[in-house]
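>>> Next input, structure requested:
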Amino acid sequence: MFRPRAPVLLLGLALIIALIETVMLMARHEMARRSLDDALAEQGRHLHDSFVLMLDQLEQTMLSTATLVAGDPEVQQLFLAGARAVAAEGGGAGGAEAALWRDRLMDRVSPAWTEVQERFNVRQLHFHLAPGSTSFLRVHQPDRFGDDLAAVRHSVVAANATGTPQAGFETGRVYSGLRGVVPVTATDPLTGASVHVGALEAGTALDTVVNTLDRRLNHGVAVLLGKEHVEKSMFADLAAPVLQTAGRCGCVVEAVSRDGLADVLGRALDAGVALKTPGTQLLEYEGGAVALSHFPLRDFRGTRDASLAPVGAVVFWNDATPLVAAFRADRLKEVVFGVVAYAVVMLSVLAAFHFGARRFDSLLAAKTRELAAANALLHDQSANLERSNRELEQFAHIVSHDLREPLRSVVSFLMLVKRRAGAAALDEDTRRFIDYAISGGERMSRMVSDLLDLSRVRTRGSEFRPEASADLVAEAVRNLTIAIQDAHAEVVVTEGAPPVLGDRGQLVRLFQNLIGNALSYRRQGLPPVVRVDWMEQGPLVRFSIIDNGIGIPPEFSEAVFLPFRRLNPGGGAEGSGIGLAICRSIVERHGGSIVAEPAPDGAGACLTFTLVRATLPEAAAGGAPAAVAAGGRGDAATDPADGIGRAEQAA
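Residues are numbered from 1 along each chain as shown. Okay, here's the model as predicted:
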């Protein structure tokens, strides 16, 4: 009966292997593409951070330049005299006396203006009268003065209103740039009192920024401004020639580091890229590809009011043709390797069927004899049971490990189907069914992963060493920083816990699982408070993790440590129900015990476990002091001694 069915079995097996190989190739391709997208996104974040850092440095330079010039007592007196002349002559540009003081101020700052232009690449130096912002002297363009700039020079208005330095990007009447503004005060020669005269502004263009970033990062860089923003801000006679550069994107090129921007913007617009939203795209075209990163540009007002629209965008681009070519070459290699592997497997299968057909009868007879011999050994049940337990442990490890790959494939392809089909192509039931399948796959993956962790507690542990208890708790709290902050929780640790003997990685996980469990099973509407207490019991140290959560009923004090057992499986807490089982396995491996009971005050739960006390080497005997970790408002500082955030407890 074996040989006649062999062709059918071979065909079915070939189809199954081909299907598996195809699915694996598709999964690897999708994972590689996702890794490429993640790498480009990370690169985009680095480019954004580099741009912001460069702006911060230039802002400080402009503030230092303005402070240096404004600190000259003679400049202060000339500015004060000019301001009073303007007021006496009706405001605005003033009259003859205001012009006289303006010329004297220009003569005074001209040497400094020449120096800061050369040394710091300052493009603009501008004196503004308070209140608001009325131009008194543009050192960079002295023939324009007297205009009210309150509608466009918000940094100057803020400096005059608050008496504090201000900095940021702004488009003025003459040009756009990065500006630093400092208030200017002078001593009244009649009364000796300090008088606020106005503000001094130093500014520079963004050409230096884009050219420097281009050299450092090997990316083309461009700063684009919206056409409406330029029309609204600049003098009409200056804005007209600038607006001639506006293209299909409806934007003005404020600064650009290299050629090729027009082609990049054209490809981005054809692809529907929104330049004023942060993102990174790989724009592929016939014969090449370009990596494009972009994010919004906000001016002085926009950085302080997020509801205001961006005034433009910052664009980074780079030739990605070699990257795409390498990606495609790798995928081709995978396909070739898959075809070769399929051929090898099928040849092996054919050989196995060939030899198997001839040996089937003899093997069957041999197995029959082995079965008879095995039946004769049933009296030694204890030995067989021990061997079975070892094999079961190995089997659990292998199954837990190998099940994760097909689970990831199932979840990944379901998510890919949902994304590619789109919302319009799927009805509500189908989308819900896909979501159920994805959720079930992810939940099963977590359960398999946790089962693998449980099996590794005794088989993959490290050698026991003396460890400082405070360091173990500190590392566990650091790992839970985000969960603590999200839950607005406090973690209070009793100081002075003695060192213990054990596997550092497993002990950190023990504390982390128990504290995390307390955060997960918290009371609705009540911020969690978790206490880590300890006491000595002879050669042991008894630790208690006490919370104010939903508590553990006495009848479930043992069941909570069984794998996949949860008290409220329908509740909001996430998890596979194996965390406390792992904790028990870790504690028992370390020669201790763990129990669950109600908290001493009756509100919450208390999980208590014991560990063997140890003696640390003299250099590390001090350990790290205990501390309080607070989350929820981001007000915890970091203590360099132990890494646990410290915050004062509420009264």
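>>> Show me which helix runs longest in the chain.
When the chain is parsed with DSSP state H, its longest helix is helix 2-70.
>>> which of the residues in the helix or strand following it are buried?
Note on helix 2-70: by DSSP states H and E, the next helix or strand toward the C-terminus is helix 73-88. By neighbour count with 16 or more other C-beta atoms under 10 Å, helix 73-88 contains the buried residues Val75, Gln76, Gln77, Leu78, Phe79, Leu80, Ala81, Gly82, Ala83, Arg84, Ala85, Val86. All C-beta atoms are positioned from the backbone trio N, CA, C, and that covers glycine.
>>> those helices in the stretch 451-600 of the chain, which residues are they?
469-479, 481-487, 504-520, 579-589 (DSSP state H, counting those that start in this stretch).
>>> now for the first one, which elements pack on it?
Pointing back at helix 469-479 there. Under the contact criterion of 3 or more C-beta pairs under 8 Å, 6 or more residues apart in numbering; DSSP states H and E, helix 469-479 touches strand 490-493, helix 504-520.
>>> Can you say which of these is nearest to Val182?
Across the helices and strands packed on helix 469-479, Val182 has its closest neighbour in strand 490-493 (43.0 Å, C-beta to C-beta).
>>> chain center to the closest one, what's the gap?
Centroid displacement of strand 490-493 relative to its chain, using C-alpha atoms, centre = their mean, to the nearest Å, is 26 Å.
>>> Dump the C-alpha coordinates for that strand into CSV.
Extracted C-alpha coordinates of strand 490-493, given in CSV (Å, rounded to 0.1, in the frame of the first residue of the first chain):
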residue,chain,number,x,y,z
GLU,A,490,4.5,56.2,43.2
VAL,A,491,7.1,53.5,44.1
VAL,A,492,8.4,53.8,47.6
VAL,A,493,11.4,51.7,48.6
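>>> Show me what the mean pLDDT comes to for that strand.
For strand 490-493, the mean pLDDT works out to 94.
>>> isn't Asp547 right next to Leu526, touching?
No. Asp547 lies out of contact with Leu526 (C-beta atoms under 8 Å); the separation is 10.4 Å.
>>> Comparing the two, which shows the higher neighbour count?
The residue with more neighbours, out of Asp547 and Leu526, is Asp547; 26 against 13, by other C-beta atoms under 10 Å.
>>> Distance check, the closest residue to that one other than its chain neighbours against Asn479.
Once flanking residues are discounted, Asp547 sits nearest to Ala518: 3.6 Å by C-beta to C-beta, 6 or more residues apart in numbering. For Ala518, the distance to Asn479 equals 14 Å [C-beta to C-beta, to the nearest Å].
>>> Those two: which has the busier surroundings?
Neighbour totals were compared for Ala518 and Asn479, and Ala518 leads with 26 against 16 (other C-beta under 10 Å).
>>> OK, contacts around that one?
Going by C-beta atoms under 8 Å, 6 or more residues apart in numbering, Ala518 touches Pro528, Val530, Ile545, Asp547, Gly549, Gly604, Ala605.
>>> switch to 7 Å and redo it
Neighbouring residues of Ala518 by C-beta atoms under 7 Å, 6 or more residues apart in numbering: Pro528, Val530, Ile545, Asp547, Gly549.
>>> hey, where'd the strands end up in the stretch 351-500 of the chain?
465-467, 490-493, 500-502 (DSSP state E, counting those that start in this stretch).
>>> Kindly provide the distance from His126 to Phe511.
His126 is 59 Å from Phe511, where distance means C-beta to C-beta.
>>> higher neighbour count, the two?
Remark: of His126 and Phe511, His126 carries more neighbours, 28 against 24, as counted by other C-beta under 10 Å.
>>> Could you give the bridge partners of the more buried one?
With DSSP bridges applied, His126 shows beta-bridge pairing to Arg138, Glu201.
>>> wait, isn't it in contact with Gly198?
No. Using C-beta atoms under 7 Å, His126 makes no contact with Gly198, being 10.1 Å away.
>>> what pLDDT does the residue nearest to Asp547 get?
Ala518 is given a pLDDT of 89.
>>> and what of Gln394?
So Gln394 comes in at 65 (pLDDT).
>>> Look up how far Val23 lies from the residue lying closest to Arg104 once chain neighbours are set aside.
Distances taken as C-beta to C-beta, 6+ apart place Leu78 nearest to Arg104, at 5.4 Å, with adjacent residues excluded. Distance, Leu78 to Val23, by C-beta to C-beta: 80 Å.
>>> same question, Asn479
For Asn479, the distance to Val23 - C-beta to C-beta - is 35 Å.
>>> low-scoring stretches of the stretch 451-600 of the chain, by residue?
The model of the stretch 451-600 of the chain has pLDDT under 70 over residues 451-460, 564-576.
>>> Please apply the same query to the stretch 301-450 of the chain.
353-354, 356-358, 360-361, 363-364, 373-405, 407, 411, 422-425, 439-450.
>>> now with 50?
Regions of the stretch 301-450 of the chain meeting the criterion pLDDT under 50 cover residues 389.
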